[in-house]
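**Q** coords please:
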Amino acid sequence: MNGINIKMVRKNDAQFLHDLMNNESIMTVLNEVPTAINVWADAIIEWGARF
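**A** The predicted structure is shown next:
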């Protein structure tokens with residue numbers, strides 16, 4: 001797995017993560033259920049994002 005960069009998440013990434021993880025194709029492949037934006041905002045806080 002070359003070329004993978006881990007980036008610090010930021011507060012404004014919640015919308016991106018919400019949009020990405022509520023994409024029908026991605027949800028199907030990952031066998032996920034829809035999530036609300038507050039789930040991602042809370043996750044970013046738990047991950048220790050710098051605001």
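
**Q** please count neighbours and contacts with C-alpha atoms only from this point.
**A** Noted.

**Q** what residues sit buried inside stretch 32-50?
**A** Ile37, Trp40, Ala41, Ile44 (16 or more other CA atoms under 10 Å).

**Q** contacts for it next, please.
**A** Met8, Val9, Arg10, Lys11, Ala14, Gln15, Leu17, His18, Met21, Asn22, Met27 (CA atoms under 8 Å, 6 or more residues apart in numbering).

**Q** if you set the cut-off to 10 Å instead, what comes out?
**A** Contacts with stretch 32-50, where a contact means CA atoms under 10 Å, 6 or more residues apart in numbering, come from 8-19, 21-24, 26-27, 51.

**Q** centre of the chain to that stretch, how far?
**A** Here stretch 32-50 is found 7 Å from its chain centre; the criterion is CA atoms, centre = their mean, to the nearest Å.

**Q** what of stretch 14-21?
**A** 5 Å.

**Q** leaving out the residues flanking it, which one is nearest to the most centrally placed residue in the chain?
**A** For the chain, the residue nearest the mean C-alpha position is Leu17 (3.0 Å; CA atoms, centre = their mean). Nearest residue to Leu17 in three dimensions, chain neighbours excluded: Trp40, at 6.6 Å (CA to CA, 6 or more residues apart in numbering).
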